[in-house]
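Visitor: for reference, the sequence and a predicted model appear below.
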Amino acid sequence: MTVSPALESSSFRLALPVLHLGARRPASVSWPGPWRRGRPPGAARFHPSWVPIIMIHLRSLVLLLLAVAGPSALADEPVRSIEGRVTYLARIALPPEARLVVEARGLDGVLLGETRSVSEGAQVPLPFALTIPERVAAELRAALFIDGQARWVSDVVEVAPGDAPVDLGEILLNPYTPMGFTSTLRCGAERVRIGFAGERALLDLAGRVLELDQAIAASGARYTNADESVVLWIKGDTARVELDGTALPACVPVPPEADAGWRAQGNEPGWSLRLQGDRMTLTTDLGASTLEARLPQPEIADGGFRYVLADDGIRLTIVEQICRDSMTGMPHPQRVRVDARGEPLQGCGGDPLRLLTGREWTVEDISGQGIIDRSHVTLLFDRNGALSGSGGCNRYHGQAQLTGERLTIGPLGSTMMACSEALMNQERTFFNALARVDAFDIDDSGALHLRGGGESLILARH
């Protein structure tokens, strides 16, 4: 692999994940030539046996940089083939237009490879094959789409790093009945969720939720708002999204997250709601009363989804809007109202972690002191709670633990690069602030506030 001149310059520093290999303290590696950094007092000495591990991390970082540069950069990487077959257990025939999408993602969700095909009358098991760069780990997910909506979805399949071809065998797909939003599109770097109800659509782009009505189109299905400042145009397995006259890159459907169920709850009186597939379970009277029912198709109203269960006297409304639990203050992504036999129940729904993931946060303030001009401090949460980013000098990683009442972060590990005293002091303040976090909130502007002891410790935006 050719290293670009930028990587060889003395101003470019590679930040390696901390290596815990029996040393009492994180290792500091002295590089030859312009990368020489010296060894801090008390740091572990470099050991030759660490080279393979260091090279794996270097390769992951370089692949991430190449992915940012564009697909053509990744195309020069040596690749290996991944193949398998998808199937499901139900005795249901696929229509000829059913589309299979399989994608593999790596570090920080970087797209490593994908394949798309039309069944053309073939039935499961359906074969697939794609390529990904050698010697990197990947997470693979598959989905079958019918009429532009995901109907069958796999769990995540882990692919270990290596350079040999991999046959994954048969991958089981499970029925997918999402709550509200039925499709996920990838439009360049953006992810867009779409829900449909009759001749209306609801579009969610980075928390901006828009109601659209179906419009006349020469081909495909076209949806727009009243002044046509927002347009969604679906043709086959591709779509076009326009916002205020600017078109996003071409959109294609991607496998959604497997259905892990959705929950909502409220207080005074206490109640809880669970949606799993096409079923709902409503528990009221502090657990004394439980109602189970089949979910009907939703309506779109007031910027959200409304389910009307006429036979059970229940109307459920779910709106994409920040909702804070009335007892704990924990923010949730949805505001929920349940009208059950004339009794209105208010509460919050969805996984609070969803408010943190899917974007990189850039820190603007640390402990009320601002940040040094042109320093770059970031936070990136993944769906499992792993936290990584830049402290302004070093890369760091750790784990965020989210319960029904608290958010805690740590312990943290970081690389051991040397920077100016001002940057090192700011980074130390940042890491200390992360260790004190016990709560978070999202304000009306979309900014993230990490709090501790009732005070704002870190302010970040995406």
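Guide: Happy to help now that I have it. All figures in this text were calculated on a predicted structure; none of them were measured in a lab.
Visitor: I'd like the average pLDDT over stretch 329-342.
Guide: Mean pLDDT, computed over stretch 329-342, is 90.
Visitor: touching, residue 80 and residue 132? I think so.
Guide: Yes: with contacts counted by Cβ atoms under 8 Å, residue 80 reaches residue 132, the gap being 6.6 Å. All C-beta atoms are positioned from the backbone trio N, CA, C, and that covers glycine.
Visitor: so the two - more neighbours on which side?
Guide: residue 132 (25 against 17; other Cβ atoms under 10 Å).
Visitor: counting neighbours, which bits of the helix or strand harbouring that one end up buried?
Guide: Using DSSP states H and E, residue 132 sits within strand 126-133. Neighbour-count burial for strand 126-133, counted by 16 or more other Cβ atoms under 10 Å, picks out 126, 128, 130, 131, 132, 133.
Visitor: same question for stretch 271-288.
Guide: Buried residues in stretch 271-288, counted by 16+ other Cβ under 10 Å: 271, 272, 273, 275, 280, 282, 283, 284.
Visitor: what does that stretch contact?
Guide: With Cβ atoms under 8 Å, 6 or more residues apart in numbering as the test, stretch 271-288 has contacts from 175, 177, 179, 259, 261-266, 269-270, 289-295, 307, 314, 316, 336, 338, 340, 345, 347, 349.
Visitor: repeat for stretch 159-166
Guide: Here stretch 159-166 has contacts from 56, 78, 80-83, 104, 132, 134-140, 168, using Cβ under 8 Å, 6+ apart.
Visitor: for residue 254, see how far away the most centrally placed residue in the chain is.
Guide: Nearest to the mean C-alpha position of the chain, by Cα atoms, centre = their mean, lies residue 358 at 3.7 Å. According to Cβ to Cβ, to the nearest Å, residue 358 and residue 254 sit 13 Å apart.
Visitor: which residues do these two both contact?
Guide: Both residue 358 and residue 254 are in contact with residue 191, where contact means Cβ under 8 Å, 6+ apart.
Visitor: which regions of the stretch 101-250 of the chain sit below the pLDDT cut-off?
Guide: For the stretch 101-250 of the chain, applying pLDDT under 70 flags the ranges 107-109, 177-180.
Visitor: can you pull out the helices in it?
Guide: Remark: no helices are assigned in the stretch 101-250 of the chain by DSSP state H, counting those that start in this stretch.
Visitor: list the buried residues in stretch 84-96.
Guide: Of the residues in stretch 84-96, 84, 86, 88, 94 count as buried by neighbour count, 16+ other Cβ under 10 Å.
Visitor: restricted to strands, list these.
Guide: 84, 86 (DSSP state E).
Visitor: turn the buried residues of stretch 84-96 into a markdown table, including pLDDT and distance to residue 197.
Guide: Output for these, formatted as a markdown table (pLDDT from 0 to 100; distance: Cβ to Cβ, whole Å):
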| residue | pLDDT | distance to residue 197 |
| --- | --- | --- |
| 84 | 97 | 35 |
| 86 | 97 | 29 |
| 88 | 95 | 26 |
| 94 | 95 | 25 |
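Visitor: widest-spaced pair of the buried residues of stretch 84-96?
Guide: 84 and 94 (17.3 Å; Cβ to Cβ).
Visitor: ok, the strand or helix carrying residue 283: who's next to it in the sheet?
Guide: In the assignment (DSSP H and E), residue 283 maps to strand 279-284. Partners of strand 279-284 in the sheet, by DSSP bridges, are strand 271-276 (antiparallel), strand 289-294 (antiparallel).
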